[in-house]
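In: when you get a sec, could you give me coordinates for this:
(one chain, ligands or ions: 1)
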Amino acid sequence: MTAYSEILVDTPQNGVQLIRLNRPQARNALCTALLGELDAALALAAENDDIRVVLLSGSEKVFAAGADIKEMAALDAVGLWKDRRPQHWQAIRHFPKPLIAAVNGYCLGGGMELAMHADIIVAGTDARFGQPEINLGIIPGAGGTQRLVRAVGKSLAMKLILSGQFIGAEEALSAGLVAEVTQPELTLKRANALAETIAGKSPIALRLAKEAILSSFESPLSQGLELERKAFLFLAASQDRQEGINAFLEKRTPKFTGQ
Ligand code: DAK
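Out: Residues are numbered from 1 along each chain as shown. Next comes the predicted model:
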């Protein structure tokens with residue numbers, strides 16, 4: 001059993017692993033230890049066939065207030081050179097299963113970048129999204145300049161990153177940053193219901209769908225279409241595809257095994 005101090009890792013239920021950021025005294029600021037634990041928990045989740053989807057949340061009041069500013073302040077050039085955080089971010093980026101973020105309250109800086117590493121964001125109406133790094137004389141360092149512009153377009157990304165201003169959940173929804181907005185007390189419940197729905201699908205199809213969608217950010221359309229075609233063909237060899245089709249024809253619910 002892995003022991004964690006900065007995150008809470010629940011027992012998986014119905015194929016969903018809930019991971020909660022748990023540094024309330026620092027508004028869930030993403031210190032290196034927290035990122036390391038998240039990296040480790042995701043590595044275990046990636047290997048565990050009982051886990052089909054990971055649900056990531058903060059507390060009821062804050063998702064995460066960004067990188068740990070106190071820790072960052074203590075890093076000199078050599079400290080930054082040895083910094084392990086980029087490796088942890090890489091691991092989060094490469095997590096192969098669906099990752100859903102349930103966001104309540106502040107979701108700022110590195111916290112917003114973490115939410116943007118998720119495949120789907122479900123937010124409470126109390127969520128506040130922002131990239132306030134500019135107020136510290138820095139810029140986003142975990143992909144914010146790249147992912148935010150892809151999520152919401154140039155003008156709003158520029159406004160958020162250059163001004164440090166926040167937006168609320170409804171604006172984030174209309175901009176395409178989040179997939180769904182709920183009452184704050186229902187955020188986790190709603191995100192969990194979505195996670196359970198996804199967890200019932202074929203794990204192989206989920207993995208390939210995620211890979212294909214993410215590849216659209218990296219490659220020209222022709223290459224993305226080629227990847228999709230090959231993934232589609234690959235799935236023809238899976239038992240899950242047979243099961244999905246048989247279940248439809250037999251008018252029953254499919255039971256996907258990941259084979
Ligand atoms: N880091 C460290 N401590 C933080 C913190 C943070 N980001 N945010 C809050 N805290 C601490 C406060 O210092 C305070 O500690 P004590 O004074 O009690 O010891 C405690 O949490 C409570 O904070 P507040 O009193 O301020 O709480 P409020 O509820 O009034 O306000 C707030 C909540 C989230 C609005 C406020 O705390 C705030 O503005 N926090 C800072 C937000 C911010 O500027 N975030 C951006 C940080 S820069 C990189 C990857 C990523 C990044 C950089 C590099 N690489 C891989 C290279 C990302 C950079 C950032 O995110």
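In: now the helices: where do they sit in this protein?
Out: 32-47, 69-73, 77-82, 85-93, 110-117, 144-152, 154-163, 169-175, 187-199, 203-215, 221-235, 239-249 (DSSP state H).
In: which one of the ones you listed is the most hemmed in?
Out: Highest mean neighbour count of the helices of the chain: helix 110-117, a mean of 26 (counted as mean count of other CB atoms under 10 Å). From N, CA and C alone the C-beta is placed, and that goes for glycine too.
In: who does it touch, helix- and strand-wise?
Out: The contact analysis (3 or more CB pairs under 8 Å, 6 or more residues apart in numbering; DSSP states H and E) places helix 110-117 against strand 62-64, helix 85-93, strand 99-103, strand 128-130, helix 144-152.
In: quick one: is that helix near the ligand?
Out: Yes. Using CB under 6 Å from any ligand atom, we find that helix 110-117 touches the ligand at residue 110.
In: which residues touch that helix?
Out: For helix 110-117, the surrounding residues in contact (CB atoms under 8 Å, 6 or more residues apart in numbering) are 28, 30, 56, 58, 62-67, 89, 92-93, 95, 99, 101, 103, 107, 121, 129-131, 140-144, 147-148, 151, 177.
In: whichever of these end up buried, select them in ChimeraX.
Out: In ChimeraX, a selection of the buried entries from the contacts of helix 110-117 looks like this (16 or more other CB atoms under 10 Å):
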select :28,30,56,58,62,63,64,65,66,67,89,92,95,99,101,103,107,121,129,130,131,140,141,142,143,144,147,148,151,177
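In: least confident of the helices of the chain, on average?
Out: Among the helices of the chain, helix 77-82 has the lowest mean pLDDT, at a mean of 88.
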